[in-house]
Every structure is written in structure tokens, then in C-alpha cells.
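Engineer: one predicted model, sequence on top.
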Amino acid sequence: MASGLVALLDDIAGLTRLAAASLDDVGAAAAKAGTKAAGVVVDDTAVTPRYVVGLSPQRELPIIGKIALGSIRNKLLFLLPAALILSAFAPWAITPLLMVGGAFLCFEGAEKVIEALSGHGHAAEETATTDPVALEQEKVSGAIRTDFILSAEIMAIALNEVADQTLLAQAVTLVLVAVAITAGVYGVVALIVKADDVGLYLAQRGSAVAQAIGRGLVKGVPVLMSALAIIGTAAMVWVGGGIITHGAEVLGFAAPAHAIHHASEAVEHAVPGVGGALGWLVAAALNGVVGLVLGAIIAFVVHRVAQARGAH
């Protein structure tokens, strides 16, 4: 009896160690997948604050909360099941679909660059809606639709990183990535949109230090918003280009990825100390060039097709 109990306890201990190791593996996979999706996350963070521009400050946090709820619903109720079905029945389609998403990111990024250079952007478009409730709902719906596209790319990137794991490990990893990224993105967005309010509050305090910090926040938030727009655009073409070159390598066309890798390695070895950071920057820049060129081509084709349809 005692020996049987000892054997049972040994089995339980072994299963516990195995479960702990599995959790460690899932946690590591989630962290890696989340890191790979960082570029899309930057763009998501940069895009969202514009949906609360022009609305009552009292409604900013509730609106961000609604968008965050819509984002987590997008990821867990729609994209997660689709990703798992894809992984189980058509894993060969993951890379092509990821490349389609990457091409869309390139297109979106190139569109923003073209609009900025031509001065014909859409940022100043005004909505005809005057009812505050309807306007809020319109803003939230638009943000959730945009989030769906970005979330799909995030989940596809995460799935690609754990494609060799069990279905359960994939599901847990994708849930962790979805929750962590949603909380991170919309937590940061909430801080950004309320930073000017915090600045105004501090600027009215009696302390000279608080007043200086408050004035700095009030002046700095518009600069930060402009910087986020630029960073978001750069992230789109960099991430999109990287997805395209990596996907092409997986599908047998490795020349672009190898050229970028060799250029990055050359810079890394040529500059001691900071070579790693510079090599990463070179790789990101070259992937960005690929993304920008591809996105510009897609934008040209899309606009030509739209013009042709408009002529008929």
C-alpha cells in the first residue's frame, strides 16, 4: 500500500512538472508571438486615439472601453475560432493568408505616405452626424471595424509562431496574446487621450514643479499624437514588408529575405558595440522599403480600377 501511494505521488509530481513545463512553453510562445506582432500593435495604438477627437472629454474613457470590448470580442469570438480551424484543417494556408494581410498593411501604409506627400489626406473629413449619441456609436463602430483588420493580422502572426504546437497550446497562446495585447494597446491609448487633462490639472496646482510638468504635458500631447501617426505608418510598411519577404522565403523565393539578412549582418559586424541595434534598424528599413514599394504598386492598381469603374 505504501509503495503504491509513493508511486501515485511520483506520478502526480511528474504530471505537475509536465504541466508546469507546458505552461512555461505556452508563456514563452505567447511572449514570442506578441513580440512578432509588435509592429501591428504600434499601428493599432497610433490609429485608435483619433476616434475620440472632437468628442466630449467625459466620454473619452467610456468610448475607449467600448472599443476595447469590441476588440477583445473580435479576437476571441471571431478570429480565434477561425485561426484554430485554419490550423487544424488548412495549415498550408497560414503563410499565404499572412502575406495577404502583410500586403494590406503595405497598402495602408503607402496610402498614408501618398496622402501626406500629396496633401490630400482624409484626416480632415467631417462627419455629417450631429447627434452626440449617434456620433459616438459611429466612431465606436468605425474603430472596431479597423481593429478587426489589425487584430486579424495580430492573430495570424501569433498563430504562425505556434503552428507546430498542439491545438490546445495554440488556443491558450492566442488567448494570452489577445488579452495581453488588447489590455496593453487600450491601456496606453487611455493614457494618451487623458494626458492633456492630467496636464491641465497639474498646471493648476500650487507647486511650481507640478505646473511645469502640467504645461509640458499640455504642449507635448499634440506632438506625441503626430509622432504616433508617423510611427504607426512606418510600422505598417516595415511589418508588412517583413511579412512579405519572410512569406516569400517560406514559399521558396528566398532572395529578398537573404539579401536583407546579409545586409543586416554586414552592418552588425562592421560596427562593434551597437552593431546589433544598427543591424536591426537596417533590416527594418529594408523591409520598410519593400513594403512601401509593394504598397505603392497596390495603391496605384486600386486607384486605377476605381477610376475605371467610375468612368463607366
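Structural biologist: Everything's here; your move.

Engineer: can you give me the helices in this structure?
Structural biologist: Counting by DSSP state H, the chain has helices at residues 2-36, 38-47, 60-73, 80-89, 94-118, 132-161, 167-203, 208-250, 255-270, 275-311.

Engineer: TSV please, covering these and showing mean pLDDT.
Structural biologist: What follows is these, written out as TSV (pLDDT from 0 to 100):
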stretch	mean pLDDT
helix 2-36	51
helix 38-47	66
helix 60-73	92
helix 80-89	90
helix 94-118	87
helix 132-161	82
helix 167-203	87
helix 208-250	86
helix 255-270	92
helix 275-311	89
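
Engineer: deepest-packed of these, please.
Structural biologist: Ranked by mean neighbour count, the helices of the chain are led by helix 38-47 with a mean of 24 (mean count of other C-beta atoms under 10 Å). Placement of C-beta: from N, CA and C, glycine included.

Engineer: who touches the nearest residue to residue 216 once chain neighbours are set aside in this structure?
Structural biologist: In this structure, residue 216 finds its nearest non-sequential neighbour in residue 199, 7.2 Å apart by C-beta to C-beta, 6 or more residues apart in numbering. Going by C-beta atoms under 8 Å, 6 or more residues apart in numbering, residue 199 touches 213-218, 220-221.

Engineer: using CSV, lay out these together with distance to residue 113.
Structural biologist: Converted to CSV, the contacts of residue 199 look like this (distance: C-beta to C-beta, whole Å):
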residue, distance to residue 113
213, 35
214, 35
215, 33
216, 30
217, 30
218, 30
220, 25
221, 24
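
Engineer: from the residues you listed, pick the one nearest residue 60.
Structural biologist: Comparing the contacts of residue 199 against residue 60 with C-beta to C-beta picks out residue 221 as the nearest, at 12.5 Å.

Engineer: give the full set of residues in contact with the closest residue to the closest one other than its chain neighbours.
Structural biologist: Of all residues not flanking residue 221 in the chain, residue 196 sits nearest, at 4.5 Å (C-beta to C-beta, 6+ apart). Neighbouring residues of residue 196 by C-beta under 8 Å, 6+ apart: 217-218, 221.

Engineer: what of residue 261?
Structural biologist: residue 283.

Engineer: and it, how far from residue 242?
Structural biologist: Residue 261 sits 11 Å away from residue 242, taking C-beta to C-beta, to the nearest Å as the criterion.

Engineer: residue 185 against residue 48, yeah?
Structural biologist: Yes: the criterion here is C-beta atoms under 8 Å, and residue 185 meets it with residue 48 at 7.1 Å.

Engineer: quick one: the residue nearest to residue 221 from residue 98, how far?
Structural biologist: Separation of residue 196 from residue 98 (C-beta to C-beta): 38 Å.

Engineer: distance to residue 282 added to the contacts of residue 196, as a markdown table?
Structural biologist: Formatted as a markdown table, these follow (distance: C-beta to C-beta, whole Å):
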| residue | distance to residue 282 |
| --- | --- |
| 217 | 35 |
| 218 | 37 |
| 221 | 32 |
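
Engineer: out of those, the closest to residue 309 would be?
Structural biologist: Taking C-beta to C-beta as the measure, residue 309 lies nearest residue 221 of these, at 41.3 Å.

Engineer: distance of residue 261 relative to residue 286?
Structural biologist: Separation of residue 261 from residue 286 (C-beta to C-beta) stands at 10 Å.

Engineer: right, I mislabeled it, should have said residue 102
Structural biologist: Distance, residue 102 to residue 286, by C-beta to C-beta: 15 Å.

Engineer: equivalent analysis for residue 169, please.
Structural biologist: Computed as C-beta to C-beta, the residue 169 to residue 286 distance reads 33 Å.

Engineer: what's the answer for residue 137, then?
Structural biologist: Counting by C-beta to C-beta, the gap from residue 137 to residue 286 is 43 Å.

Engineer: cool, and residue 61?
Structural biologist: 40 Å.

Engineer: residues in contact with stretch 102-120?
Structural biologist: By C-beta under 8 Å, 6+ apart, stretch 102-120 touches 40, 43, 121-122, 149, 153, 229, 233-237, 239-244, 247, 291-292, 294-296, 298-299, 302.

Engineer: may I have it as PDB, with CA atoms only?
Structural biologist: Output in PDB follows, covering the C-alpha atoms of stretch 102-120 (Å, rounded to 0.1, in the frame of the first residue of the first chain):
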ATOM      1  CA  GLY A 102       1.000  41.900 -44.900                       C
ATOM      2  CA  ALA A 103       0.200  43.300 -48.400                       C
ATOM      3  CA  PHE A 104      -2.800  45.100 -46.900                       C
ATOM      4  CA  LEU A 105      -0.600  46.700 -44.300                       C
ATOM      5  CA  CYS A 106       1.800  47.800 -47.000                       C
ATOM      6  CA  PHE A 107      -1.100  49.300 -49.000                       C
ATOM      7  CA  GLU A 108      -2.500  51.100 -46.000                       C
ATOM      8  CA  GLY A 109       1.000  52.500 -45.100                       C
ATOM      9  CA  ALA A 110       1.700  53.500 -48.600                       C
ATOM     10  CA  GLU A 111      -1.700  55.200 -48.800                       C
ATOM     11  CA  LYS A 112      -0.800  57.300 -45.800                       C
ATOM     12  CA  VAL A 113       2.500  58.300 -47.200                       C
ATOM     13  CA  ILE A 114       1.000  59.200 -50.500                       C
ATOM     14  CA  GLU A 115      -1.700  61.300 -48.800                       C
ATOM     15  CA  ALA A 116       0.900  63.100 -46.700                       C
ATOM     16  CA  LEU A 117       3.100  63.900 -49.700                       C
ATOM     17  CA  SER A 118       0.100  65.000 -51.900                       C
ATOM     18  CA  GLY A 119      -1.700  66.900 -49.200                       C
ATOM     19  CA  HIS A 120      -4.900  65.100 -49.900                       C
END
